[in-house]
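Participant: fold the following and give me the result.
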Amino acid sequence: DCIGKSFQGQSLDGRDFSMSLMIAANLDGCRLHGANFLGADLRDANLKNADLRESIFLTQWQINTAKGNRNTLLPEFLTAPSSWR
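Facilitator: Next up, the predicted model:
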């Protein structure tokens with residue numbers, strides 16, 4: 001799958017990551033509008049500076065297991081972990 005893969009800075013709008021293993025993937029600075037994360041494993045994925053505001057099927061658990069920062073943009077219904085600040 002996408003384990004450890006670097007997508008840094010890419011526009012991944014509409015990409016289907018459903019059921020993907022994305023452990024330690026680098027999504028730093030990616031735009032992910034409409035990207036499907038249904039069942040994706042985002043443990044230790046780098047979401048720093050990524051725009052996930054319009055991603056679909058993204059869960060709080062996925063966010064909690066990933067790495068982000070204060071510049072990571074999330075959908076309104078999700079909360080950035082305190083470690084991201």
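
Participant: wait, a helix at Ile63?
Facilitator: Yes - using DSSP: H, G, I helix; E, B strand; the rest coil, the secondary structure at Ile63 is a helix.

Participant: quick check: closest non-adjacent residue to it.
Facilitator: Leaving aside its sequence neighbours, Ile63 sits nearest to Leu78 (Cβ to Cβ, 6 or more residues apart in numbering; 5.4 Å). Heads up, the C-betas are built off the backbone N, CA and C, glycines and all.

Participant: is that neighbour in a helix, a strand, or coil?
Facilitator: Of the three states, Leu78 takes coil under three-state DSSP.

Participant: tell me who's in contact with it.
Facilitator: Contact analysis of Leu78 by Cβ atoms under 8 Å, 6 or more residues apart in numbering lists Leu58, Thr59, Gln60, Ile63.

Participant: what's the neighbour count on the nearest residue to Asp13 once chain neighbours are set aside?
Facilitator: Nearest non-adjacent residue to Asp13, counting by Cβ to Cβ, 6+ apart: His33, 4.5 Å away. Residues near His33, counting by other Cβ atoms under 10 Å, number 15.

Participant: cool, and Phe17?
Facilitator: Around Phe17 there are 26 residues (other Cβ under 10 Å).

Participant: Gly4 too?
Facilitator: There are 13 residues near Gly4, going by other Cβ under 10 Å.

Participant: which one is Thr79 nearest to, not counting chain neighbours?
Facilitator: Using Cβ to Cβ, 6+ apart, the nearest residue to Thr79 is Gln60, at 6.9 Å.

Participant: how about Glu76?
Facilitator: Glu76's closest residue in space is Arg53 (Cβ to Cβ, 6+ apart), at 8.0 Å.

Participant: what's near enough to touch that neighbour?
Facilitator: His33, Leu73, Leu74, Pro75, Glu76.

Participant: one more: Leu74?
Facilitator: Counting by Cβ under 8 Å, 6+ apart, Leu74 has contacts Leu52, Arg53, Leu58, Ile63, Ala80.

Participant: per-residue confidence for it?
Facilitator: Per-residue confidence (pLDDT) for Leu74: 98.
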